[in-house]
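J.: here you go, sequence then predicted model.
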Protein chains: 2
Amino acid sequence: MTARKIGLVGLGKIARDQHLPALAANPDLELVAVAGHGASLDGVDGFASLSAMLAARPDLDAITLCTPPGVRHALAAEALAAGKPVMLEKPPGATLGEVELLARQAESAGLTLFASWHSRHAPGVAPAREWLAGREIHRVQIVWKEDVRVWHPGQEWIFEPAGMGVFDPGINALSIVTAILPRPFFLRDALLQVPANRQAPIAAQLRFMDTAGAPVEADLDFLQTGPQTWDIYVETDAGRLTLTKGGSELTIAGESVPVGPAGEYPALYARFAELLDSGASDVDPAPLRHVADACLLGRREAVASFHFP
Amino acid sequence: MTARKIGLVGLGKIARDQHLPALAANPDLELVAVAGHGASLDGVDGFASLSAMLAARPDLDAITLCTPPGVRHALAAEALAAGKPVMLEKPPGATLGEVELLARQAESAGLTLFASWHSRHAPGVAPAREWLAGREIHRVQIVWKEDVRVWHPGQEWIFEPAGMGVFDPGINALSIVTAILPRPFFLRDALLQVPANRQAPIAAQLRFMDTAGAPVEADLDFLQTGPQTWDIYVETDAGRLTLTKGGSELTIAGESVPVGPAGEYPALYARFAELLDSGASDVDPAPLRHVADACLLGRREAVASFHFP
């Protein structure tokens, strides 16, 4: 079978760092066009907009969207309306309402929609889920602390409401815990620390409870210097499970568990190819719903202004 | 058939103003117990807590919850766990996550859960929905302006995050428009005006778009003096529909349309009795989801501090 022809929209940092290498390594998918302001890539057609790309390349088999979340819905709706399956970077939209409508649109058009959560494809996630399935959960702690100046240099949009601030990385943690815990959980209270000159939080403490009463707590920080921390600790009746480095290292009851090599984006595109083959969709809004709940229920506290260096 | 025995939790202002008269007028339901801090009512058993009420009155057929939304989930989960069907005041919870979990709990227990939206039972709502079903919608305007000092005197909790501020009345408008418009809509942007000494907004401007591109705009204000405004205007291909006074007066293309008498809460309890008969549930989180989306995507602006007189 020939590779499916993919058009990519939004040739920014995440596209260049992750999507392009993952697409290049996937034999089932072939990147043939890119679109966006000034998008240009050797050996690939470049277009100023999705509309121009769709008009010039009706042979495209699917579209992958790497733009910031604020404009994702309009692009996804346009691609679906043109009959193209769509893969969305995380989060799948700026609101829950638009994600629900996209899911309905894809379903009624019979097209694949893949709302991707890349951290769910970190190599420790699947074995963690399998081990936790049979356990009693006593307590869960998420510690997700990174330096926005390193990972999002100069990306002012990340502190706009749709950029979500510290929830941009924090939603990765939520995408993992919603995938590995055997019971669902819901928010009890939240503190959001918002720089005086910004709209979105730079730090947050979230307290959830699972349906059996176990606490699930998250400590998110966007100003971490030195070593970066993306860790999840799960205390169970059979000891502690530790998933560190964003899900790439797993320790259970003090023993290190061998997991596969890192490769979130290659796994994402393998999943997308699989969904395109079967015609199914994969849209789980739960991580975004937890963030929306934190914005709805969270107490806001003004903290020092933040400026990119 | 004998009347079903109802236990009510949260004997505050909304319970006394609306729930007690509506229950008294419904021949299928009989209020036999009340619970809450210092809850006491002539001719009815009074208990300090839901737990005490459930223990002393195992004959209760259903529970109705009139407490503020922050504590609604724990009470509803407890009542469902005791095998009792539950009716919830609006909003059905402090978060979308807890509403989803309650809906799942009720479904797996085979118990009725009724997440009520009283404004949907205003007499103009059903005829408005019927007339709009066949129309092309050009534009929708919601103007919802009331005086918090009149309607929520001294209720400090309403400006806490879970109290939702101006969304407490505004969600009534959203519950109506989500019921009468033929197409769903989603948030494009929002401005939330939050008093410097409070957590929740005292005014908000919301811009939604429906799936055909028609604008749906809402102007919410909690400081309206003089005449109070709870109006919805829908411009269509067949003229303008105007639903005023919270859904109790309807005008279509300049002609006043006769509707039934006001009676939102009597209609709510008639609906609850019907759900109890059929064993079905009625849980639509859409109005709360729109508010959560406004908190997620909305730009916040600090305005003058607010103090109750």
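T.: Structure's in. What do you need?

J.: name the residues of the stretch 101-250 of chain A found near chain B, please.
T.: A:Leu101, A:Arg104, A:Gln105, A:Pro161, A:Ala162, A:Met164, A:Pro184, A:Phe185, A:Phe186, A:Leu187, A:Gln199, A:Thr211 (C-beta under 8 Å from any C-beta of the partner chain). C-betas here are computed from N, CA, C, even on glycine.

J.: between those, which is nearest B:Gly247?
T.: A:Leu101 (25.0 Å; C-beta to C-beta).

J.: the closest one reaches B:Thr211, doesn't it?
T.: Yes - A:Leu101 lies in contact with B:Thr211 (C-beta atoms under 8 Å); the separation is 6.1 Å.

J.: quick check: neighbours shared by the two?
T.: Listed as contacting both A:Leu101 and B:Thr211 by C-beta atoms under 8 Å, 6 or more residues apart in numbering or on different chains are B:Pro184.

J.: out of the residues of the stretch 101-250 of chain A next to chain B, list just those in strands.
T.: Mapping these onto strands (DSSP state E) picks out A:Phe185, A:Phe186, A:Leu187.

J.: for the one helix or strand A:Val34 maps to, which outside residues touch it?
T.: Following DSSP states H and E, one finds A:Val34 within strand A:29-35. Strand A:29-35 has contacts (C-beta under 8 Å, 6+ apart) with A:3-9, A:11, A:20, A:23-24, A:40-41, A:44-50, A:52-53, A:56-57, A:60, A:62, A:269, A:272-273.

J.: of the residues of the stretch 101-250 of chain A next to chain B, select the buried ones using a PyMOL command.
T.: To isolate in PyMOL the members of these that are buried, counting by 16 or more other C-beta atoms under 10 Å in any protein chain shown, one can use:
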select buried, chain A and resi 101+105+161+162+164+185+186+187+199
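
J.: what's the domain layout of chain A?
T.: The record's domain parsing of chain A by automatic domain parsing lists A:4-115, A:122-259+A:292-303.

J.: check the residues of the stretch 101-250 of chain A next to chain B and tell me the two furthest apart.
T.: A:Gln199 and A:Thr211 (32.7 Å).

J.: right, and A:Cys142 touches A:Asp219 too?
T.: Cys isn't right for residue A:142; it's Ile. Yes - at 6.8 Å, A:Ile142 counts as touching A:Asp219 under the criterion of C-beta under 8 Å.

J.: what about those two, which has more around it?
T.: A:Ile142 (22 against 17; other C-beta atoms under 10 Å in any protein chain shown).

J.: so what's the more buried one up against?
T.: A:Ala173, A:Leu174, A:Val177, A:Val216, A:Glu217, A:Ala218, A:Asp219, A:Leu220, A:Asp231, A:Ile232, A:Tyr233.

J.: show residues contacting the helix or strand of chain A with the lowest mean pLDDT.
T.: For chain A, the helix or strand with the lowest mean confidence is helix A:13-14, at a mean of 88 (criterion: mean pLDDT, DSSP states H and E). Contacting residues not belonging to helix A:13-14 are listed as A:Cys66, A:Glu89, A:Gln155 [C-beta under 8 Å, 6+ apart].

J.: do me a favour and average the pLDDT over stretch A:276-284.
T.: For stretch A:276-284, mean pLDDT is 97.

J.: can that stretch be found next to chain B?
T.: No - with C-beta under 8 Å from any C-beta as the criterion, chain B is not reached by stretch A:276-284; the gap is at least 12.4 Å.

J.: report the contact partners of A:Val291.
T.: A:Pro91, A:Met164, A:Phe167, A:Gly170, A:Ile171, A:Leu174, B:Leu296.

J.: again, 6 Å this time
T.: By C-beta atoms under 6 Å, 6 or more residues apart in numbering or on different chains, the contact set of A:Val291 is A:Phe167, A:Ile171.

J.: can you check the one 3 residues further on too?
T.: If a contact means C-beta under 6 Å, 6+ apart, then A:Ala294 has A:Ala190, A:Leu206 as its contacts.

J.: restrict the helix or strand hosting it to CA atoms and write it as PDB.
T.: Assigned by DSSP H and E, A:Ala294 falls within helix A:286-297. In PDB, the C-alpha atoms belonging to helix A:286-297 read as follows (Å, rounded to 0.1, in the frame of the first residue of the first chain):
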ATOM      1  CA  ALA A 286     -11.100  14.500  30.000                       C
ATOM      2  CA  PRO A 287      -7.700  16.300  30.500                       C
ATOM      3  CA  LEU A 288      -9.100  19.500  29.100                       C
ATOM      4  CA  ARG A 289     -12.300  19.100  31.200                       C
ATOM      5  CA  HIS A 290     -10.100  19.000  34.300                       C
ATOM      6  CA  VAL A 291      -8.300  22.200  33.300                       C
ATOM      7  CA  ALA A 292     -11.700  23.900  32.600                       C
ATOM      8  CA  ASP A 293     -12.900  22.700  36.000                       C
ATOM      9  CA  ALA A 294      -9.800  24.200  37.600                       C
ATOM     10  CA  CYS A 295     -10.500  27.600  35.900                       C
ATOM     11  CA  LEU A 296     -14.200  27.300  36.900                       C
ATOM     12  CA  LEU A 297     -13.600  26.400  40.600                       C
END
